[in-house]
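Novice: Provided below for reference: sequence and predicted model.
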Amino acid sequence: MAVVATQMAVDMEAIQEATDLEAAAADHDLAMGDENVEEAEVGEGGESLVPETAILDLDFDADEEVQVIQRCVIEKYYSMRRVKAATLLLEFKRIWQTCADMKFKDLEDNMYVITFDAEGDYQHVVHGGPWQLRGEVLIVAPVDGTVPLMEIPVDAMPIWIHIDKVPPMLQNDQIGRALGSFLGRVLEVDAMANGQVGAYLRVRVEISLRQPLQDEVAIRIKGKLTTYKVQYERLPNLCFHCGLVGHGKTECLKEQQGAKSRGLDARLRCSPVRKADRRDGVIRADSAARRKLMLPFGAALSSNRSHASSRRMSQEQQSADEIVGEVELSNKVNELSVHDEGVHDDECTESPPPNHKGADK
């Protein structure tokens, strides 16, 4: 048995040595192949034999060489359903309320290129929104012709948000932009002018559809942390489980995988603010009040006292005039009554008309 074991050990060493020699030979051949390739890429004079990429030089100042792209957008319909392009185009015309014609090109995955004949329609579609179709979000991005169509980002949506119960002293443009930056790219802050405040701070942001929606933000003032609820105007269909726009809870892959819910609900939505619904304005002061504001404090106080005194005298004079008027009216009524009684007595004392029958007799 010892001899057999020794023979097996010798055989295993021989097999391992042969394997190492084969690996070394393969590495040598691979290295020689790389050297041959390098030698093949370089000619005898040292010049490269690999063909260079062809380059076309363009001068964009030459209008005849460049196609001008105008009033063109790329659109993506975030829906799990595939809809025919002709059907979608009619729906687009309805929700956009366009006045002129528009042309479309079907790309892929519910994406389309649309060209408008009217500048007004183009501006309305690009700067309006957020657009929705059958409850699903409709993203529109302008096309300038310098970027490939499939590389134009169509994964962000402009939307107005309400940051609820922000203290009046923090309702300004600077705080609105700082808080809005936590949610997306800030486009506009609806901060009230002239020191006016409201129940919430309204900010327009561009939110990413690849990130879940946030339902609150926080401010720390002198070590005290306060959170504020966030609501969204015209919010399309979204998943309350994961917080993403573009699918519902029943279609959520994270829920199917057992991921923890973010606990969102319908309180994430709020009614849009329309200009006709605003209840703010300015009540103008009269000219007399404006003149008093221009006087020093003592003069204004004296003016107020003299104005109050003159007003009191005017009221007393008016009361006296009313009393005199009532007395005069009462006297006139008495005179008329006495006159009527005298006329009545005269009529009663007149002699009766002659009896013609007695006269004839």
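Specialist: Everything's here; your move.

Novice: ok, now which ones touch the residue nearest to residue 243 when sequence neighbours are not counted?
Specialist: Sequence neighbours aside, residue 212 is the residue nearest to residue 243 in space, at 3.0 Å (criterion: CB to CB, 6 or more residues apart in numbering). All C-beta spots, glycine's among them, are computed from the backbone N, C-alpha and C. For residue 212, the contacting residues are 242-244, 262, by CB atoms under 8 Å, 6 or more residues apart in numbering.

Novice: let's see it at 10 Å
Specialist: The contact partners of residue 212, by CB atoms under 10 Å, 6 or more residues apart in numbering, come to 238-239, 241-245, 254, 262, 264.

Novice: for residue 74, what are phi and psi?
Specialist: Residue 74 adopts backbone torsions of phi -110, psi 140, taken as degrees, to the nearest 10.

Novice: how near is it to residue 117?
Specialist: Distance of residue 74 to residue 117, computed by CB to CB, to the nearest Å: 17 Å.

Novice: show me the beta-bridge partners of the closest residue to residue 89 other than its chain neighbours.
Specialist: Distance criterion CB to CB, 6+ apart; nearest residue to residue 89, sequence neighbours excluded, is residue 104 at 5.4 Å. Beta-bridge pairing for residue 104 (DSSP bridges): residue 114.

Novice: run through the helices of this protein in chain order.
Specialist: Residue ranges of the helices in the chain, as given by DSSP state H, are 2-41, 85-96, 119-127, 173-180, 253-256, 287-293, 297-349, 356-360.

Novice: any low-confidence regions in this protein?
Specialist: Where the chain drops to pLDDT under 70, the residues are 1-50, 58-68, 192-196, 275-283, 285-361.

Novice: C-alpha coordinates for stretch 153-171, CSV please?
Specialist: Output of stretch 153-171 as CSV, limited to C-alpha atoms (Å, rounded to 0.1, in the frame of the first residue of the first chain):
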residue,chain,number,x,y,z
PRO,A,153,-34.5,64.4,-20.2
VAL,A,154,-38.3,63.8,-19.8
ASP,A,155,-38.2,62.6,-16.2
ALA,A,156,-39.0,65.9,-14.4
MET,A,157,-42.4,67.6,-13.8
PRO,A,158,-43.0,71.2,-12.9
ILE,A,159,-45.6,71.5,-10.1
TRP,A,160,-46.8,74.0,-7.4
ILE,A,161,-46.3,72.9,-3.8
HIS,A,162,-47.8,74.2,-0.6
ILE,A,163,-45.5,74.2,2.5
ASP,A,164,-48.2,74.4,5.2
LYS,A,165,-48.2,76.6,8.4
VAL,A,166,-44.9,78.4,7.8
PRO,A,167,-44.6,81.3,10.2
PRO,A,168,-45.4,84.7,8.6
MET,A,169,-41.8,86.0,9.3
LEU,A,170,-40.5,83.2,7.1
GLN,A,171,-42.8,83.6,4.2
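
Novice: buried residues in it?
Specialist: 154, 156-163, 166, 170-171 (16 or more other CB atoms under 10 Å).

Novice: quick check: the farthest pair among the residues you listed?
Specialist: Greatest spatial distance in those: 154 and 170, 34.3 Å, computed using CB to CB.

Novice: circling back: residue 74 and residue 117: which is more packed in?
Specialist: Set residue 74 next to residue 117 and count neighbours by other CB atoms under 10 Å: residue 74 wins out with 21 against 13.

Novice: that one reaches residue 112, doesn't it?
Specialist: Yes: shown here, residue 74 and residue 112 form a contact pair, counting by CB atoms under 10 Å, at 7.3 Å.

Novice: common neighbours of these two, please.
Specialist: Shared contacts of residue 74 and residue 112 (CB under 10 Å, 6+ apart): residue 105.

Novice: sitting in strands, which of the buried residues of stretch 153-171 do you find?
Specialist: Counting by DSSP state E, the buried residues of stretch 153-171 place 156-163 in strands.

Novice: pick the one among the residues you listed closest to residue 135.
Specialist: For these, the closest approach to residue 135 (CB to CB) belongs to residue 157, at 14.0 Å.

Novice: what's the residue nearest to the closest one when sequence neighbours are not counted sitting at in phi/psi?
Specialist: Using CB to CB, 6+ apart and skipping the chain neighbours, the partner closest in space to residue 157 is residue 130 (5.1 Å). Per-residue torsions, residue 130: phi -70, psi 140 (degrees, to the nearest 10).
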